[in-house]
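[1] structure here, sequence nowhere to be found:
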């Protein structure tokens with residue numbers, strides 16, 4: 001065949017046509033390449049975003065048109081994942097983000113929990129695990145876009161849905177998630193601090209943030225459009241008009257009608273169960289967006305599910321999850337995996353659920369979520385491989401290599417010593433530091449937002465005993481009595497437990513005191529409800545306490561100062577007595593009682609273990625009852641192996657140090673007979689008894 005001659009004009013025309021075809025065939029921007037290796041996890045990174053001035057021809061722009069996302073003038077598909085900075089230690093942020101990139105993700109979605117950043121009114125915290133700016137800058141460094149969810153309500157299985165608990169102490173009571181002026185004034189103040197901090201990180205200003213969410217699943221809660229419009233105007237006043245604002249609501253007509261803002265002011269995204277057919281929902285989604293402004297986006301594509309104490313650990317099938325994702329991606333839809341990496345509810349920040357007031361179920365310390373990237377960052381599971389294989393099919397670039405799992409070590413047997421009775425530590429404080437009131441007050445009113453509050457009163461016992469009832473306790477009350485007569489003074493005797501999900505009365509013992517007895521009620525806040533109509537979840541004793549049907553008056557309330565996430569244990573007699581360098585011999589000698597005697601008395605136990613090579617580990621609490629644990633001052637969370645299913649608490653390597661490390665636990669119920677905790681090298685969700693369970697929601 002004769003060679004065809006091409007004129008310069010013809011050649012130019014062909015090149016232009018090819019360029020156009022390449023541009024149109026680009027489904028989404030190529031995924032960025034990964035770093036050659038993971039950084040050392042002990043190194044703290046701060047990556048400042050440098051905003052470079054650009055001319056119009058190369059201006060950064062992320063927009064919606066033609067029912068697609070567009071990045072810098074090219075069609076773009078979001079394949080993202082939720083990864084919450086506050087559930088992973090800062091030293092591991094880069095590690096987890098690199099694993100998300102290896103999964104094939106091009107965007108990270110994260111909530112911003114108001115309560116972490118303003119734990120007390122006017123007390124702001126943006127350091128350590130709360131250093132959101134450094135996290136966002138790290139996303140930018142790794143070429144990951146960000147979908148930011150600043151609330152003010154976030155849900156997220158996080159205490160009180162991210163609201164700070166001090167909101168519950170406001171008088172008159174606030175109407176949260178509404179256009180109540182008193183509530184909105186506080187939101188204005190909070191966003192007035194938060195949004196200017198992240199403004200320079202918006203995409204068109206050189207940063208990674210391409211979308212900012214307004215509230216969260218509001219259609220599942222209310223239909224106050226004035227509230228939503230207020231949030232939109234507030235966000236625009238701080239962030240301008242160029243950033244995409246979005247809502248997320250369940251894929252039903254009712255939730256979309258209530259939770260969205262019609263028109264092109266706010267993009268309406270949807271979420272739905274993994275087993276549902278997404279495309280009828282995406283079709284309905286279009287009705288709630290302006291014409292051409294409805295790219296199909298599942299902003300919470302569920303890779304797993306949450307688990308409460310007393311349940312079997314939630315697991316979802318890897319193959320069906322991957323198939324459901326492919327159903328979206330194969331037709332040019334976008335999705336955000338919830339969760340890509342779950343992490344851990346360190347401290348006292350776990351949330352809870354309640355379909356009815358009494359049907360309270362608290363979330364585990366672990367937020368593994370059966371996500372493709374495990375709680376400790378493992379990426380060798382079937383779900384990671386299956387999802388990565390699907391994402392690779394729809395990626396325009398080769399995915400980064402998958403990193404190795406981080407090393408884990410079982411440091412072995414840790415022998416603990418009984419170091420301080422909680423009641424002994426608080427005895428003097430009851431006289432000098434307690435809040436006094438005729439009736440019990442809530443934890444929030446007492447200024448104790450998390451953990452425990454001790455209630456104390458006195459009564460004259462009857463010869464045949466007394467009946468004690470508390471109609472409303474949130475969440476779990478352990479009841480003790482002690483004789484106050486000088487000649488018969490006794491240690492507090494455990495009587496029983498009253499919890500909100502069963503609310504049984506307890507019988508106080510027959511009187512042997514010559515005069516009065518003291519009643520001690522230790523109430524544990526097990527996590528505030530984060531979703532639904534019962535989320536206004538004050539803690540403590542919220543009703544009168546009845547003795548033989550009559551209200552018991554004259555109470556003392558004593559906050560118990562234990563450190564929460566992002567703070568060290570308070571300098572207090574409680575913690576100092578139990579934590580000081582393995583305790584004085586004299587203290588140990590005075591507490592040499594048999595561990596089995598009065599084992600329900602809340603007690604601190606302390607032990608040390610030596611680390612030669614620092615890696616991740618887990619603390620196994622098999623054989624223990626219920627409590628909270630601290631490693632080197634860091635609150636690693638709650639344990640409750642008798643209910644299960646979680647047996648072990650995750651201890652990331654950055655918490656540990658070479659040489660001696662210290663473990664302190666507050667055991668509320670039954671210590672393990674040998675007073676031993678084991679450091680092991682793997683998670684375990686097989687604890688619990690089928691005879692013990694909380695009501696399921």
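    That came through, no problem. Small disclaimer: the values here were computed from a predicted structure and weren't measured.
[2] do I have it right that residue 285 meets residue 270?
    Yes - under the criterion of C-beta atoms under 8 Å, residue 285 makes contact with residue 270 at 5.0 Å. Every residue, glycine included, has its C-beta placed from N, CA and C.
[3] what's the overlap in contacts for the two?
    251, 256 (C-beta atoms under 8 Å, 6 or more residues apart in numbering).
[4] give me the most central residue, this protein.
    residue 158 (4.0 Å; C-alpha atoms, centre = their mean).
[5] any figure for the gap between that one and residue 663?
    Separation of residue 158 from residue 663 (C-beta to C-beta, to the nearest Å): 26 Å.
[6] try residue 86
    For residue 86, the distance to residue 663 - C-beta to C-beta - is 23 Å.
[7] more neighbours, the two?
    Neighbour count, other C-beta atoms under 10 Å: between residue 86 and residue 663, residue 86 has more, with 30 against 20.
[8] wait, is the more buried one part of a helix?
    Yes - Residue 86 forms part of a helix when assessed by DSSP: H, G, I helix; E, B strand; the rest coil.
[9] ramachandran angles for the residue nearest to the centre of the chain?
    Backbone torsions of residue 158, given as degrees, to the nearest 10, read phi -120, psi 140.
[10] which ones are touching it?
    Contacts of residue 158 (C-beta under 8 Å, 6+ apart): 111, 113, 115, 345, 349, 350, 351, 530.
[11] residue 60 contacts residue 206, doesn't it?
    Yes - using C-beta under 8 Å as the test, residue 60 is close enough to residue 206 to be in contact (6.7 Å).
[12] report pLDDT for residue 573.
    With respect to pLDDT, residue 573 scores 48.
[13] now for residue 430, how many residues are close by?
    Residue 430, neighbours per other C-beta under 10 Å, totals 16.
[14] let me fix that, I meant to ask about residue 181.
    Residue 181 has 10 neighbours, counted by other C-beta under 10 Å.
[15] so what's residue 255 closest to, chain neighbours aside?
    residue 219 (3.4 Å; C-beta to C-beta, 6 or more residues apart in numbering).
[16] could you pull out the strands for the stretch 401-550 of the chain?
    For the stretch 401-550 of the chain, strands defined by DSSP state E, counting those that start in this stretch occupy the ranges 412-415, 417-421, 435-437, 452-459, 466-469, 473-474, 476-483, 493-499, 506-508, 517-524, 540-541, 546-547, 550-551.
[17] which strand residues bridge the residue nearest to the centre of the chain?
    Residue 158 has these beta-bridge partners by DSSP bridges: residue 350.
[18] distance of it relative to residue 363?
    9 Å.
[19] what sits in contact with each of those two?
    Common contacts of residue 158 and residue 363 (C-beta under 8 Å, 6+ apart): 345, 350, 351.
[20] can you flag the buried ones in those?
    345, 350, 351 (16 or more other C-beta atoms under 10 Å).
[21] and which of these is nearest residue 632?
    Proximity of those to residue 632 (C-beta to C-beta) peaks at residue 345, which lies at 18.9 Å.
[22] where does pLDDT dip in the stretch 101-250 of the chain?
    Along the stretch 101-250 of the chain, no part satisfies pLDDT under 70.
[23] actually the chain, not the one I typed
    1-58, 486-489, 511, 514, 568-599, 689-697.
[24] what's the domain layout of it?
    70-393, 412-418+567-591+598-680, 439-553 (the TED database).
[25] could I get those as a markdown table with distance to residue 428?
    Supplementary listing: the domains of the chain in a markdown table, determined by distance: least, C-beta to C-beta, whole Å:
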| stretch | distance to residue 428 |
| --- | --- |
| domain 70-393 | 25 |
| domain 412-418+567-591+598-680 | 8 |
| domain 439-553 | 13 |
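[26] now do the contacts for residue 300.
    82, 248, 271, 336, 338.
[27] how close does it sit to residue 384?
    Relative to residue 384, and taking C-beta to C-beta, residue 300 is found at 19 Å.
[28] with residue 302 instead?
    Applying C-beta to C-beta to residue 302 and residue 384 gives a distance of 15 Å.
[29] and what of residue 501?
    Here residue 501 is placed at a distance of 36 Å from residue 384 (C-beta to C-beta).
[30] comparing the two, which shows the higher neighbour count?
    residue 384 (22 against 18).
[31] that's a helix at the more buried one, yeah?
    Yes - Residue 384 forms part of a helix when assessed by three-state DSSP.
[32] for it, which non-adjacent residue is spatially closest?
    Excluding its sequence neighbours, the residue lying closest to residue 384 (C-beta to C-beta, 6+ apart) is residue 372, at 4.0 Å.
[33] can you give me the helices in the stretch 101-250 of the chain?
    For the stretch 101-250 of the chain, the helices defined by DSSP state H, counting those that start in this stretch occupy 114-117, 132-141, 181-198, 225-239.
[34] which of these sits closest to residue 103?
    Minimum separation from residue 103 across the helices of the stretch 101-250 of the chain (C-beta to C-beta) falls at helix 132-141, 14.7 Å.
[35] angle of that closest one against helix 181-198?
    For helix 132-141 against helix 181-198, the angle by axes from the mean of the first three to the mean of the last three C-alpha atoms, to 10 degrees is 50 degrees.
[36] now do helix 132-141: distance to the chain's middle.
    19 Å (C-alpha atoms, centre = their mean, to the nearest Å).
[37] most neighbours among the contacts of residue 300, which one?
    residue 248 (29 neighbours).
[38] give me the neighbour count for residue 171.
    6.
[39] kindly report the same for residue 165.
    As a measure of burial, residue 165 has 22 neighbours, counting by other C-beta under 10 Å.
[40] what's the answer for the one 4 residues further on, then?
    Using other C-beta under 10 Å, residue 169 has 19 other residues around it.
[41] test my guess that it contacts residue 445.
    Yes - Residue 169 is within contact range of residue 445, at 5.5 Å (criterion: C-beta under 8 Å).
[42] quick one: contacts for residue 312?
    Neighbours of residue 312 in contact, by C-beta under 8 Å, 6+ apart: residue 645.
[43] distance of it relative to residue 643?
    On the measure of C-beta to C-beta, residue 312 and residue 643 end up 12 Å apart.
[44] ditto for residue 180
    38 Å.
[45] can you check residue 224 too?
    Distance from residue 224 to residue 643, by C-beta to C-beta: 38 Å.
[46] compare the two and say which is more crowded by neighbours.
    Counted by other C-beta under 10 Å, residue 224 and residue 643 do not tie: residue 643 has more neighbours, with 21 against 16.
[47] surely residue 335 forms part of a strand?
    Yes - Residue 335 forms part of a strand when assessed by three-state DSSP.
[48] any idea how far it lies from residue 394?
    Residue 335 is 10 Å from residue 394, by C-beta to C-beta.
[49] hmm, back to that, and the residue nearest to the centre of the chain, how far from residue 129?
    Going from residue 158 to residue 129 by C-beta to C-beta gives 13 Å.
[50] with residue 537 instead?
    Counting by C-beta to C-beta, the gap from residue 537 to residue 129 is 24 Å.
[51] for residue 682, helix, strand, or coil?
    Under three-state DSSP, residue 682 comes out as coil.
[52] was I right to think it contacts residue 409?
    No - assessed by C-beta under 8 Å, residue 682 is found out of contact with residue 409, at 10.7 Å.
[53] what about these two, which has more around it?
    More crowded of residue 682 and residue 409, by other C-beta under 10 Å: residue 409, with 18 against 12.
[54] so who does the more buried one touch?
    For residue 409, the contact set (C-beta under 8 Å, 6+ apart) comprises 611, 613, 615, 616, 617, 679, 681.
[55] buried ones among the residues you listed?
    611, 615, 616, 617, 679.
[56] which positions are bridged to the first one in the beta structure?
    In this case it means residue 611. Per DSSP bridges, the residues bridged to residue 611 are residue 659.
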